[in-house]
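Asker: Predicted model and sequence below, questions to follow.
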Amino acid sequence: AGGGTTLVATADPDSTVYGFRGADPQAVREFSRRFAQADGAPAPQVVLDVCHRLPGALLDAGQRVASRLGGSGVWRSPACDAATQGGQQPLEVRVLASGSDEWAHVAATLRRRHLLAGVPWHDMAVVLRSAGDLAVARRSLARHGVPVAQRNDEVALWQQAPVRALLDLLSLSCDDEPRPPETVLDLLLGPLGGLDPARWAQLRRSLLVAEQQRGGTRPPEQVVFEAVVHGTALPVSDTAVGPLGDTVRKGRAAAAEGSVEQALWVLWDSVDVAQRWRATALAGQGDSTAADRDLDAVVALFDAAAAFTDRMPGAGAGAFLDHVRAQQVPGDSWSTDVPTLDAVTVLTAHASKGREWNTVAVCRVHDDLWPDLRRRDSLLGVDDLVALVDTGRLPTSSEQLSALLAGERRLFHLAVTRARAHLLVTATDDGETRPSRFVDELDPQVVEERGVERAADVL
């Protein structure tokens, strides 16, 4: 903004996440100084201190977490405490004896909210710290009779099956990429390979016999790997292994001569599934939705490759693979369609930003998962660069640890402030897994007064 234009910015430093993309709560606090008025005076700041989402009990719990962040102050809540529908208090914190007890209790709570309080399934959500827990959560909830939904933009791009297969193909086309033999088998049995498990079992037996006859000891997976990657002759012909080897060789030539985007296109064109998937998507039959989703994922991958090539034109395929596989949340270009199915949303805490539901369950708040204090460098190492410019030195190990803990606490604060009426926070204590320190911050009496429960004790 310039030329006398008025600039207005809104932000909440206590819920500033996406640090690996450069988000920094300190930028919020320093905004008035950095964007001073024309006369040099700090820009005026208006603190919005009335919370219109959370009932009083949830507001108090959220502020117990936020108070450790040194943020923007204390929120006030209007008269919105009529949230005990279905005979439940707004805040429920439970420590269960096992993971199965935890999911049983979460499912029972969601069913009660639906049946007794009349809350639609789509107005409830289950929030998790790690994207790796999403699949387990969905299976567990579905097993207990809870319908679950998934937005496409809640899954990182590299986790989509066709994208993962194309990335594996690209890695096989890179001479400096480590490639375990299982990569080739996954490709053959995956969406791009065309080899079904029964045919693989038959091929495996044939390869074992052929290897024994020549006096060798290589496992069949290694034989197939060498045939695909190194072009060695396969003792037994197969209609899937040969074409995959041809695809890898084409991809290797394209990766050596052109951009990552060009190499991906050569690989995609060589596997020759686009027209088949397109026909399936347009047919409107049972597999149409999956085919449509797979095509969207491939388009998103090409968008990511084009953006990467524009930003880093000299970078090779290996750098692109590292870039995409390090992605923890979806890219900005990923599809934002929302399912119309009346079902509970299961998503990560990052993906919950900017959204709200009547009922939210924040699950698996374990000491080894949340906070996650492993070092995660931000985009281009911007955190270290900013610290070096501001202070003339790089942050110490203790300062880095404190910053990581604060970021994890902001993410937890974000998660527990998504509910309009009812919040359930769960953890397990089975001797190996312990509740996170964040559970105590949210409800200091949960362990001392209630102890560890089994699902049968609280259902």
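Answerer: Now that the structure is in, tell me what you want to look at. Residues are numbered from 1 along each chain as shown.

Asker: S32 should be in a helix, yeah?
Answerer: Yes: assessed with DSSP: H, G, I helix; E, B strand; the rest coil, S32 lies in a helix.

Asker: For it, give its distance to S288.
Answerer: 53 Å (C-beta to C-beta, to the nearest Å). In this view, the C-beta of every residue, glycine as well, is placed from N, C-alpha and C.

Asker: again, but for A319
Answerer: 36 Å.

Asker: Low-confidence bits of the stretch 201-350 of the chain, can you list those?
Answerer: For the stretch 201-350 of the chain, applying pLDDT under 70 flags the ranges 286, 327-341.

Asker: which residues of it fall in helices?
Answerer: For the stretch 201-350 of the chain, the helices defined by DSSP state H, counting those that start in this stretch cover 220-229, 241-257, 260-271, 274-283, 288-311, 317-325.

Asker: Strands of the stretch 1-150 of the chain, start to end?
Answerer: Using DSSP state E, counting those that start in this stretch, the strands of the stretch 1-150 of the chain run over residues 91-96, 124-128, 148-149.

Asker: where among those is the average confidence lowest?
Answerer: Sorting the strands of the stretch 1-150 of the chain by mean pLDDT places strand 148-149 lowest, at a mean of 82.

Asker: Now do it: which elements does it pack against?
Answerer: With contacts taken as 3 or more C-beta pairs under 8 Å, 6 or more residues apart in numbering; DSSP states H and E, strand 148-149 sits against helix 134-143, strand 344-348.

Asker: Restricting to C-alpha, output the shortest one in PDB.
Answerer: Spelled out, it's strand 344-348. What follows is strand 344-348, C-alpha atoms only, in PDB (Å, rounded to 0.1, in the frame of the first residue of the first chain):
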ATOM      1  CA  VAL A 344     -17.600 -35.600  10.900                       C
ATOM      2  CA  THR A 345     -14.500 -33.800   9.600                       C
ATOM      3  CA  VAL A 346     -11.100 -35.400  10.600                       C
ATOM      4  CA  LEU A 347      -8.200 -33.000  10.100                       C
ATOM      5  CA  THR A 348      -4.900 -31.700  11.400                       C
END
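
Asker: Next SSE downstream of that strand?
Answerer: Following strand 344-348 in sequence order, the next helix or strand is strand 357-362 (DSSP states H and E).

Asker: how many degrees apart are that next one and strand 91-96 in direction?
Answerer: 30 degrees (axes from the mean of the first three to the mean of the last three C-alpha atoms, to 10 degrees).

Asker: you'd agree A419 is up against R355?
Answerer: No: using C-beta atoms under 8 Å as the test, A419 is too far from R355 to be in contact (10.9 Å).

Asker: Help me confirm that D14 comes into contact with H413.
Answerer: Yes: using C-beta under 8 Å, D14 is in contact with H413, at 5.6 Å.

Asker: Tell me which of these two has more neighbours.
Answerer: Per other C-beta atoms under 10 Å, whichever of D14 and H413 has more neighbours is H413, with 27 against 24.

Asker: what about the one residue sitting closest to the centre of the chain, distance to W158?
Answerer: In the chain, the residue lying closest to the centroid (C-alpha atoms, centre = their mean) is A131, at 3.8 Å. Computed as C-beta to C-beta, the A131 to W158 distance reads 10 Å.

Asker: any residues in contact with both of the two?
Answerer: Common neighbours of A131 and W158 (criterion: C-beta atoms under 8 Å, 6 or more residues apart in numbering): none identified.

Asker: Q222 versus the most far-flung residue of the chain relative to its centre, what's the distance?
Answerer: Most distant residue from the mean C-alpha position of the chain: Q213, 47.9 Å away (C-alpha atoms, centre = their mean). Going from Q213 to Q222 by C-beta to C-beta gives 16 Å.

Asker: which parts of stretch 185-202 are buried?
Answerer: L185, L187, L188, L189, G190, P191, L192, G193, G194, L195, W200 (16 or more other C-beta atoms under 10 Å).

Asker: Not counting stretch 169-176 itself, show me its contacts.
Answerer: 177, 179, 183-184, 187, 192, 228-229, 247-248, 251-252, 254-255, 260, 263-264, 267, 271, 316-318, 320-321.

Asker: Also stretch 314-329?
Answerer: Against stretch 314-329 from outside (C-beta under 8 Å, 6+ apart): 18, 20, 131, 156-158, 167, 170-171, 173-174, 176-177, 255, 260, 263, 301, 304-305, 308-309, 312, 348, 350-351.

Asker: For it, C-alpha coordinates in PDB please.
Answerer: C-alpha atoms of stretch 314-329 as PDB (Å, rounded to 0.1, in the frame of the first residue of the first chain):
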ATOM      1  CA  GLY A 314      18.500 -24.600 -11.800                       C
ATOM      2  CA  ALA A 315      17.400 -27.100  -9.200                       C
ATOM      3  CA  GLY A 316      17.200 -30.800 -10.100                       C
ATOM      4  CA  ALA A 317      14.700 -33.500  -9.500                       C
ATOM      5  CA  GLY A 318      16.200 -34.500  -6.200                       C
ATOM      6  CA  ALA A 319      15.700 -31.000  -4.800                       C
ATOM      7  CA  PHE A 320      12.100 -31.000  -5.900                       C
ATOM      8  CA  LEU A 321      11.500 -34.400  -4.300                       C
ATOM      9  CA  ASP A 322      12.900 -33.100  -1.000                       C
ATOM     10  CA  HIS A 323      10.700 -30.000  -1.300                       C
ATOM     11  CA  VAL A 324       7.500 -31.800  -1.900                       C
ATOM     12  CA  ARG A 325       8.100 -34.600   0.600                       C
ATOM     13  CA  ALA A 326       8.900 -32.100   3.400                       C
ATOM     14  CA  GLN A 327       5.400 -30.600   3.000                       C
ATOM     15  CA  GLN A 328       3.300 -31.200   6.100                       C
ATOM     16  CA  VAL A 329       0.100 -29.400   5.000                       C
END
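
Asker: got a list of what V65 touches?
Answerer: V65 touches R409, F412, H413, V416, F438, E441, L442, counting by C-beta under 8 Å, 6+ apart.

Asker: same thing with L234?
Answerer: Taking C-beta under 8 Å, 6+ apart, one finds V223, V224, A227, V241, G242 in contact with L234.

Asker: re the thing from before, tell me how far the residue farthest from the centre of the chain lies from G194.
Answerer: Taken as C-beta to C-beta, the span from Q213 to G194 is 27 Å.
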